[in-house]
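>>> Please work out how this folds:
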Amino acid sequence: MSPVILVVDDERDLVSTIEYNLEREGFEIRTAFDGRTALLRARQSPLPDLVLLDLMLPDFSGTEVCRRLKEDPVTKHIPVLMLTAKAEEIDRVVGFELGADDYVAKPYSVRELNLRVKAILRRTHSVGTSESPTAFGRIRLDRAGHRVWLDDAEVTLTAIEFRLLDTMLTRKGRVQSRKQLLDDVWGIQADVTTRTVDTHVKRLRQKLGEAGNYIETLRGVGYRFRSSPEEGVA
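Sure thing, here's the model as predicted:
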């Protein structure tokens, strides 16, 4: 089956353009022009493989739609690519904190959008087919289920936080520069700064509690996930 993409935007001409170009790439397109309809269509079977979500909608904001999608057990694992005319870093950070997987500021080229869509779907597929679960000290990570536990308690992570943890855990004992994490976790030339990496690492550590000590900061270099649990939490 072709991947299903839900396009949410109140600019009907833009939606038609996106729909035309993505259908040419072999995707099945579902559309919504407001947040309320988007939430309903996101739950329709088959579930979308990706949601393209505009920030400015007539009934409530795209960030609110994203928040509700990520809180709903049925739709929480659907990746979200935010489309918006807002290009300030704070808007991108808010989107990522809510669980968005990528962020494209208008105006953008059709080619860029196609590349970002394919990159997200490729990353999602690779997570779903990776060996799982993985245990490291007090942390257990289930890639197929997109879930993380600290001891016996499940930890709620955003999509970016999950990929950040998965990437660093997979490369444990190896130094990861901020630029490398931007490229590998955020995807194609993500339009975010290295400061965003620091913010997400800080939040990830907070959610992991004492196990956050597994992530080392190497000043002027980047981050490293410890080689073994014994090096971290006592």
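
>>> drop to CA atoms for contacts and neighbour counts, all remaining ones
Noted.

>>> Checking Leu47 next. Helix, strand or coil?
coil (DSSP: H, G, I helix; E, B strand; the rest coil).

>>> Need the per-residue pLDDT for it.
The score at Leu47 is 90. That number is its pLDDT.

>>> Let me see the contact set for it.
Neighbour list for Leu47: 4, 75 [criterion: C-alpha atoms under 8 Å, 6 or more residues apart in numbering].

>>> got the phi/psi numbers for it?
Phi and psi for Leu47, reported as degrees, to the nearest 10, are phi -60, psi 150.

>>> Just the element for Asp13, please.
When elements are assigned from DSSP states H and E, Asp13 belongs to helix 12-24.

>>> Show me what that helix is packed against.
Other elements packing on helix 12-24 under the criterion 3 or more C-alpha pairs under 8 Å, 6 or more residues apart in numbering; DSSP states H and E are strand 4-8, strand 28-32, helix 110-129.

>>> For this protein, which segments count as strands?
Assigned by DSSP state E, the strands in the chain fall at 4-8, 28-32, 50-54, 80-84, 102-105, 134-136, 139-142, 147-150, 153-155, 175-177, 215-218, 222-225.

>>> Of these, which stretch is the most buried?
Comparing these on average neighbours per residue, with mean count of other C-alpha atoms under 10 Å, the densest one is strand 50-54 at a mean of 26.

>>> got the angle between that one and helix 110-129?
140 degrees (axes from the mean of the first three to the mean of the last three C-alpha atoms, to 10 degrees).

>>> related to what we said a few turns ago, residues contacting the helix holding Asp13, please?
7-9, 28-29, 31, 33, 110, 114.

>>> And these, which is the shakiest by pLDDT?
Among the contacts of helix 12-24, Val110 has the lowest pLDDT, at 86.

>>> Leu115 versus the residue most central in space within the chain, what's the distance?
For the chain, Asp101 is the residue whose C-alpha lies nearest the centre (C-alpha atoms, centre = their mean; 2.6 Å). Shown here: Asp101 relative to Leu115, a distance of 14 Å by C-alpha to C-alpha, to the nearest Å.

>>> Then Gln180?
Distance, Gln180 to Leu115, using C-alpha to C-alpha: 19 Å.

>>> Can you list the low-confidence ranges for this protein?
For the chain, the stretches with pLDDT under 70 are 1, 86-93, 124-133, 187-193, 232-234.

>>> Repeat the analysis, applying 50 as the threshold.
127-130, 232-234 (pLDDT under 50).

>>> returning to what we had before: got CSV for the strands of the chain, with distance to Thr194 too?
Listed next are those as CSV, based on distance: least, C-alpha to C-alpha, whole Å:
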stretch, distance to Thr194
strand 4-8, 29
strand 28-32, 34
strand 50-54, 24
strand 80-84, 20
strand 102-105, 15
strand 134-136, 27
strand 139-142, 25
strand 147-150, 25
strand 153-155, 25
strand 175-177, 9
strand 215-218, 14
strand 222-225, 10
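
>>> what's the neighbour count on the residue nearest to Leu165 when sequence neighbours are not counted?
Of all residues not flanking Leu165 in the chain, Leu204 sits nearest, at 7.7 Å (C-alpha to C-alpha, 6 or more residues apart in numbering). When counting by other C-alpha atoms under 10 Å, one arrives at 21 neighbours for Leu204.

>>> do the same with the one 3 residues further on
Counted with other C-alpha under 10 Å, residues neighbouring Lys207 total 16.

>>> From what I see, it and Ala153 are in contact.
No. Using C-alpha atoms under 8 Å, Lys207 is not in contact with Ala153; the gap is 11.3 Å.

>>> ok, Trp186 to Asn114 distance?
Trp186 sits 16 Å away from Asn114, going by C-alpha to C-alpha.
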